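Chemist: Just need the structure, nothing else, for what follows:
(one chain, ligands or ions: 2)
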Amino acid sequence: MAPTQTQSSLPFMPTSAMEEQTIRSNFIRDEDERPKVAHDVFCDDIPIISLEGLDDEDGGAKREAICKSIVEACQEWGLFQVVDHGIDAQLISDMFRLCKDFFNLSPEEKYKFYMSAGKKGGFQISSHLQGQLVQDWREFFIYFSYPTENRDYTRWPEKPEGWISVVEEYSKKAMELACKLLGVLSEAMGVEREALTKACVNMDQKVLINCYPKCPQPDLTLGLRPHTDPGTITLLSQDQVGGLQATRDGETWITVKPIPNAFVVNLGDHGMFMSNGRFKNALHQAVVNSETSRMSIATFQNPAQDAIVYPLAVREGEKPMLDAPITFAEMYKRKMARDTEIQKFEKTANPMEKK
Ligand SMILES: O=C(O)CCC(=O)C(=O)O
Ligand SMILES: [Fe+2]
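Modeler: Ligands and ions are numbered 1, 2, ... in the order given. Predicted structure coming up:
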């Protein structure tokens, strides 16, 4: 079918390039940004924590041991995997099946949900950030799922059939699990179990489904550039392909081993600030491959825009990381300004360095 006017003015979709042998220049990263480790070279360093027993009565030895592992993982990595988390395997598999069906729809069908400015959710290509010099090799669909009054059901596709109710259930279960984990972190900071959830005011949740089409030159590009998530905590489920990478020093990357039905949990900037830097905001990225497409579902738990960002606890000998309380909206604005600044700097500074 000939592209319509609207489609031709929209960004290039990686899926349209699946038959091409080389990638377009706007996806090619500078050499130092290219993947150093392949999507399927897995590393076991990331803690895998079973949550069985987490709901035991306070003081239970099992709960105590689980909490300890979570806290250690947050201090060391800001990232870990959870199994036995109580979210039904069937629900996760239904979600993946329906997400896959959506991405397999024709471009016309997907573009009906194209997320232009001001739309509460929908289909997008590459990156949330505007004006990026190099594009990410991905397409995604995003749901604005909580608070429920934010749901604009005109942005929730009726095709594939049944997707709406599965997303509703999935997002509810993810919200419950995230709050449970935030409870563990709150207690570790010596504040009441609900403290982090309350600090988010009316907790916001977005469910983002990433689809990374197979790529003819995966060594030259990234599915998703290195970033930290801005919010409090993220629950990520991924298929068995592999591609999520984490780092502790910003240089050595490891590929997180996919585990069926597990969630990769990572803390975002808000989680880090609220703990005064005790818990890390995990830097991560996604790489692609030439054999198969990959899918991941990131559920972001964020504070409300006007929620106050300030450490809930400052430990002895520490100074607060922030001079004064700010709103989450302000925190995000500063992050974005910094990210754009870093990009501009890199693009202008690199040629000088090479001289
Ligand atoms: O696809 C992945 O593994 C990572 C996704 C991610 O980091 C994100 O959507 O923020
Ligand atoms: Fe992320």
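
Chemist: wait, what's in contact with residue 230?
Modeler: 268-270, 302, 331-332, 335 (Cβ atoms under 8 Å, 6 or more residues apart in numbering). Heads up, the C-betas are built off the backbone N, CA and C, glycines and all.

Chemist: Let's verify residue 211: helix, strand, or coil?
Modeler: strand (DSSP: H, G, I helix; E, B strand; the rest coil).

Chemist: Excluding chain neighbours, give the residue nearest to it in space.
Modeler: Nearest non-adjacent residue to residue 211, counting by Cβ to Cβ, 6 or more residues apart in numbering: residue 103, 4.4 Å away.

Chemist: quick one: pLDDT of that neighbour?
Modeler: Residue 103 is assigned 95 on the pLDDT scale.

Chemist: Also residue 329?
Modeler: Per-residue pLDDT puts residue 329 at 97.

Chemist: Can you classify the residue positioned nearest the centre of the chain by secondary structure?
Modeler: The centroid of the chain falls nearest to residue 298 when counting by Cα atoms, centre = their mean (4.5 Å). Three-state call for residue 298 (three-state DSSP): strand.

Chemist: Who is it paired with across the strands?
Modeler: residue 208, residue 236 (DSSP bridges).

Chemist: Show me which pair in the contacts of residue 230 is furthest apart.
Modeler: Comparing every pair within these by Cβ to Cβ identifies 302 and 335 as the most remote, at 12.3 Å.

Chemist: Just confirm the residue nearest to the centre of the chain contacts residue 210, I think it does.
Modeler: Yes: using Cβ atoms under 8 Å, residue 298 is in contact with residue 210, at 6.7 Å.

Chemist: what's the neighbour count on the residue nearest to residue 45 when sequence neighbours are not counted?
Modeler: The shortest distance from residue 45 to any non-neighbouring residue, by Cβ to Cβ, 6+ apart, is to residue 254 (6.0 Å). Neighbour count for residue 254, taken as other Cβ atoms under 10 Å: 17.

Chemist: what residues are up against residue 254?
Modeler: Contacts for residue 254 (Cβ under 8 Å, 6+ apart) come out as 37, 43, 45-46, 245-247.

Chemist: same deal with residue 39?
Modeler: 218, 241-243, 255, 287-289, 294.

Chemist: Distance of the residue of the stretch 1-150 of the chain found nearest ligand 1 relative to residue 212?
Modeler: The minimum distance from the stretch 1-150 of the chain to ligand 1, using Cβ to the nearest ligand atom, falls at residue 140 (7.3 Å). Remark: distance between residue 140 and residue 212 (Cβ to Cβ, to the nearest Å) = 9 Å.

Chemist: Of the two, which one has the most company?
Modeler: Using other Cβ under 10 Å, the more surrounded residue of residue 140 and residue 212 is residue 212, with 27 against 24.

Chemist: rewinding a little: just the buried subset of the contacts of residue 254, please.
Modeler: Among these, those scoring as buried are 46, 245-247 (criterion: 16 or more other Cβ atoms under 10 Å).

Chemist: quick one: the helices in the stretch 151-300 of the chain?
Modeler: Assigned helices in the stretch 151-300 of the chain, in chain order: 163-188, 195-199, 269-274 (criterion: DSSP state H, counting those that start in this stretch).

Chemist: how far does the shortest one sit from the chain's center?
Modeler: Same thing as helix 195-199. Offset of helix 195-199 from its chain centre (Cα atoms, centre = their mean, to the nearest Å): 20 Å.

Chemist: Take it, keep the C-alpha atoms, and write them as PDB.
Modeler: As requested, the backbone C-alpha atoms of helix 195-199 are provided in PDB (Å, rounded to 0.1, in the frame of the first residue of the first chain):
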ATOM      1  CA  ALA A 195       6.800   6.200  53.400                       C
ATOM      2  CA  LEU A 196       8.000   5.900  49.800                       C
ATOM      3  CA  THR A 197       4.600   5.200  48.400                       C
ATOM      4  CA  LYS A 198       3.200   8.100  50.300                       C
ATOM      5  CA  ALA A 199       6.100  10.300  49.100                       C
END
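
Chemist: got a list of what residue 305 touches?
Modeler: With Cβ under 8 Å, 6+ apart, residue 305 has these contacts: 204, 327-329.

Chemist: What about those, which are in strands?
Modeler: Of the contacts of residue 305, the ones assigned to strands by DSSP state E are 204, 327.

Chemist: which of the contacts of residue 305 are the two that sit furthest away from each other?
Modeler: 204 and 327 (13.1 Å).
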